[in-house]
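Undergrad: Starting from these lines, generate the structure:
(one chain, ligands or ions: 1)
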Amino acid sequence: MKIAKVQKVESSFDLECKDIAADKSISHRCAMFSLLSDKTSYIKNFLLAEDTLSSLNIAKLLGADVKMDGSSVEITPPAKLKEPFDILDCGNAGTGIRLYCGLLSGIDGSFVLTGDKYLRVRPMGRVANPLREIGAKIDGRENGDKAPLHIRGGKLKSFEFESKIDSAQVKSAMILAALNADGKSYYRENLLSRDHTERMLKGMGVDIKNVEKDGKEWIEINPITKPLEPLDIRVPADPSSGFFFAVAAAIVKDAKVVIKDVTLNPTRVESYLALKRMGANVEFVQKEDKYEPIGDIKVSYSGKLKAITVDSNIAWLIDELPALAIAMAVADGVSVVKNAKELRVKESDRISSVINGLKSCGVECKEYEDGYEIRGGNINSATIDSCGDHRIAMSFAIAGLLNGMQINDVECIDTSFPNFFDILKEITKVENEDRAS
Ligand code: S3P
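TA: Below is the predicted model:
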C-alpha cells in the first residue's frame, strides 16, 4: 500500500499551475469518439492517467491504430469496429464503462465490459435499462446491474427518454446509442449535466440540437449515415483536478493560485462559484473557445471562509464536493450539502468517506442520506483511509496543509491525476512511502 504524509504548510504560496491533469471527461470522449470517424484524430494533452488510458486501450482492442508521443495521441479508427478477442477492462472508470456500453450496444459483435473491484460494485442499470428498452442486449451480474457486462450489439430503436437522474454518463450513453438507431431520438434531463458529448459530437458533424417539444426542452439526435469528421483538439486542464489547489489557496493564509488553460464550461465550474460564495477571491479569464470555453481561474485567500448551503445544481459540482467539504470544515458556521445522494455511488460512498475522514480530524459533522452538515472549526492531523477513491485521497492531502495528514492507499490518485503530489510538493513537504499492506 502507498501512503502519503503531508506536512503543514510553512508559508503562504503563489502558485501558477500549468500542469494540472488534462480533463478526464474530455479525454475519455476523445478515445471513444475518434472511433466514429474514418480519418485520423489528433489529440494533444490527452490525460495520461489510468482511467483514460483504459479507454484508449479499449479503442485499440476494437481495432484502432493508436500512436502516442507523450500526451499527443493520433487515433486511426478501423474501417469497421472489430469484435475484440478479450474482455474490455475499464479499470476504475464509470465514464469509460457507461459510455462504451452505449456505443457498443449498437455495434455488431460480442463485448464484455468490466473494471476493478470498485467499478464492479457500481450500478450499471441506469444505462443498461434505458438501452435495453431500445433493443440493446445487455446482461451482467446481479440481474444485469453490475459489471462484468456482456453486450451483444445490434440494431437499436429510436427513442424519447426523459431521464430521472441528471447524469452526463447516462445522457452520453444514450446519445451514442442514438447515433446507431433507426430514426431521430430525443433525450431530456432536468438540469443540464456536463455537455462535452454534445459539443464534441456536434463539432464532428453530428446533427444534434436542442429543440422544444410539448413546452419542454429536449436534445434531438439524428443517427449518423456516414463517418464523422475526425477530432483535432487540445484537451484543456481538468477543473475538477484544479479545484484541489483552489481549495488550498482558499484555506491557507495569503495564498494564491492560477489554474491555467482549464475548461470554463459552465457545467464544470460551479464548485469555484461555491468557493466564491464562501468568500474566497475567484476570477475567471476566458482566452479561447474551441468545442469549449477555455481560460485561467485565479483563486486567492481572502480571510476566514463563511459556511454555505449547497442544495441545487448538484450535477455541476458533484465531483468537487469532497474537496469543498475541506473548505467547509474550516469555514465560519455550519455548511450543509443536500440533494446529493449520487455521492453514494461514486468511486466510493463519498458521503461516508467524507464524514468518516472529517470525524477522524476532529471536525463536527452529521451524515444525511443525501448529504451532510459540517460545523467549521479546525482540521486536526489524522490518518485517513482513501477508500480507494482518488478524490478522497486528494481532498485530505489538501486538508493536511493546515496541520499535517497521513493518507493511506493513495495509489488511486493515478486514476485521474498522476502528478498531483509533484504539484503539492511545490507548496509543502510530502513523504511518499510504500508499505506492506
Ligand atoms: C462524468 C459525469 C459525472 C461525473 C464523472 C464524469 C462524465 O458522472 O461525476 O466523474 O465524464 O460524463 P454522472 O454522469 O454519473 O453524474
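Undergrad: need the strands for the stretch 51-200 of the chain, in chain order.
TA: Remark: strands assigned in the stretch 51-200 of the chain by DSSP state E, counting those that start in this stretch are 65-69, 72-76, 88-89, 109-114, 137-140, 146-153, 160-162, 185-188.
Undergrad: On the three-state scheme, Lys359 is what?
TA: Three-state call for Lys359 (DSSP: H, G, I helix; E, B strand; the rest coil): helix.
Undergrad: Specify the stretch among the strands of the stretch 51-200 of the chain that is closest to Arg120.
TA: Set against Arg120 and scored by Cβ to Cβ, the strands of the stretch 51-200 of the chain come closest in strand 146-153, at 4.9 Å. Any C-beta I mention is one placed from the backbone N, CA and C, and that applies to glycine too.
Undergrad: between that closest one and strand 109-114, how big is the angle?
TA: 170 degrees (axes from the mean of the first three to the mean of the last three Cα atoms, to 10 degrees).
Undergrad: neighbouring contacts of strand 146-153?
TA: With Cβ atoms under 8 Å, 6 or more residues apart in numbering as the test, strand 146-153 has contacts from 87, 90, 97, 101, 104-115, 119-124, 128, 136-141.
Undergrad: Narrow those to those that are buried.
TA: 87, 90, 97, 101, 104-107, 111-115, 119-120, 122, 124, 128, 136, 138, 140 (16 or more other Cβ atoms under 10 Å).
Undergrad: Helices - which of those residues land there?
TA: 97, 101, 104-105, 128 (DSSP state H).
Undergrad: nearest to the ligand, of the residues you listed?
TA: Lowest distance from the ligand to those (Cβ to the nearest ligand atom) belongs to Ile97, with 11.0 Å.
Undergrad: Turn the strands of the stretch 51-200 of the chain into TSV, including distance to the ligand.
TA: Formatted as TSV, those follow (distance: least, Cβ to the nearest ligand atom, whole Å):
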stretch	distance to the ligand
strand 65-69	20
strand 72-76	18
strand 88-89	18
strand 109-114	16
strand 137-140	17
strand 146-153	15
strand 160-162	15
strand 185-188	13
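Undergrad: right, so of the ones you listed, which gets closest to Phe13?
TA: Per Cβ to Cβ, nearest to Phe13 of these: strand 72-76, 30.7 Å.
Undergrad: avg pLDDT for the closest one?
TA: Averaging pLDDT along strand 72-76 yields 98.
Undergrad: before we move on, what about stretch 412-426?
TA: On average, stretch 412-426 scores 98.
Undergrad: Stretch 111-123 now?
TA: 98.
Undergrad: Tell me which residue lies farthest from the centre of the chain.
TA: What lies farthest from the middle of the chain is Asp214; by Cα atoms, centre = their mean that is 32.5 Å.
Undergrad: so Arg268 makes contact with Ser240?
TA: Yes: Arg268 is within contact range of Ser240, at 7.3 Å (criterion: Cβ atoms under 8 Å).
Undergrad: Are there residues contacting both of these two? Which ones?
TA: In contact with both Arg268 and Ser240: no residue, using Cβ under 8 Å, 6+ apart.
Undergrad: Looking at the strands of the stretch 51-200 of the chain, which one is packed in the most?
TA: Comparing the strands of the stretch 51-200 of the chain by mean neighbour count (mean count of other Cβ atoms under 10 Å), strand 88-89 ranks first with a mean of 22.
Undergrad: Adjacent strands (with direction) for it?
TA: strand 109-114 (parallel) (DSSP bridges).
Undergrad: Wasn't Phe245 part of a helix?
TA: Yes: applying three-state DSSP, one finds Phe245 inside a helix.
Undergrad: Could you list the contact residues of the chain toward the ligand?
TA: Neighbours of the ligand within the chain, by Cβ under 6 Å from any ligand atom: 25, 95, 167-169, 172, 193-194, 315, 318-319, 342.
Undergrad: if you set the cut-off to 5 Å instead, what comes out?
TA: 25, 95, 167-169, 318-319 (Cβ under 5 Å from any ligand atom).
Undergrad: now the residues you listed as JSON lines including pLDDT?
TA: Listed next are the residues of the chain next to the ligand as JSON lines, based on pLDDT from 0 to 100:
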{"residue": "Ser25", "pLDDT": "98"}
{"residue": "Thr95", "pLDDT": "98"}
{"residue": "Ser167", "pLDDT": "98"}
{"residue": "Ala168", "pLDDT": "98"}
{"residue": "Gln169", "pLDDT": "98"}
{"residue": "Ile318", "pLDDT": "98"}
{"residue": "Asp319", "pLDDT": "98"}
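Undergrad: I'd like the distance between the residue nearest to Cys412 when sequence neighbours are not counted and Lys24.
TA: In this structure, Cys412 finds its nearest non-sequential neighbour in His390, 4.5 Å apart by Cβ to Cβ, 6 or more residues apart in numbering. Distance, His390 to Lys24, using Cβ to Cβ, to the nearest Å: 10 Å.
Undergrad: anything in contact with each of these two?
TA: Joint contacts of His390 and Lys24 (Cβ under 8 Å, 6+ apart) are Ser416.
Undergrad: Show the pLDDT at Lys290.
TA: Lys290 is given a pLDDT of 85.
Undergrad: That one reaches Val235, doesn't it?
TA: No: using Cβ under 8 Å, Lys290 is not in contact with Val235; the gap is 11.0 Å.
Undergrad: Between these two, which has more neighbouring residues?
TA: Val235 (28 against 12; other Cβ atoms under 10 Å).
Undergrad: Can you spell out the domain ranges of the protein, please?
TA: Using automatic domain parsing, the domain parsing of the chain gives 2-18+236-434, 24-233.
Undergrad: Between the two ends of the first one, how far is it?
TA: Taking Cα to Cα, to the nearest Å as the measure, domain 2-18+236-434 stretches 4 Å from start to finish.
Undergrad: With the shortest one instead?
TA: Across its full length, domain 24-233 reaches 14 Å between end residues, using Cα to Cα.
Undergrad: Just checking the distance from that domain to the centre of its chain.
TA: 15 Å (Cα atoms, centre = their mean, to the nearest Å).
Undergrad: again with the longest one
TA: Averaging C-alpha coordinates over domain 2-18+236-434 and over its chain gives two centres that are 14 Å apart (Cα atoms, centre = their mean).
Undergrad: how much does the strand or helix carrying Phe33 deviate in direction from strand 72-76?
TA: Assigned by DSSP states H and E, Phe33 falls within helix 24-33. Orientation of helix 24-33 against strand 72-76 (the same axes, to 10 degrees) gives an angle of 30 degrees.
Undergrad: Can you get me a residue count around Ile326?
TA: 30.
Undergrad: which stretches of the stretch 201-350 of the chain have low pLDDT?
TA: Residue ranges of the stretch 201-350 of the chain with pLDDT under 70: none are present.
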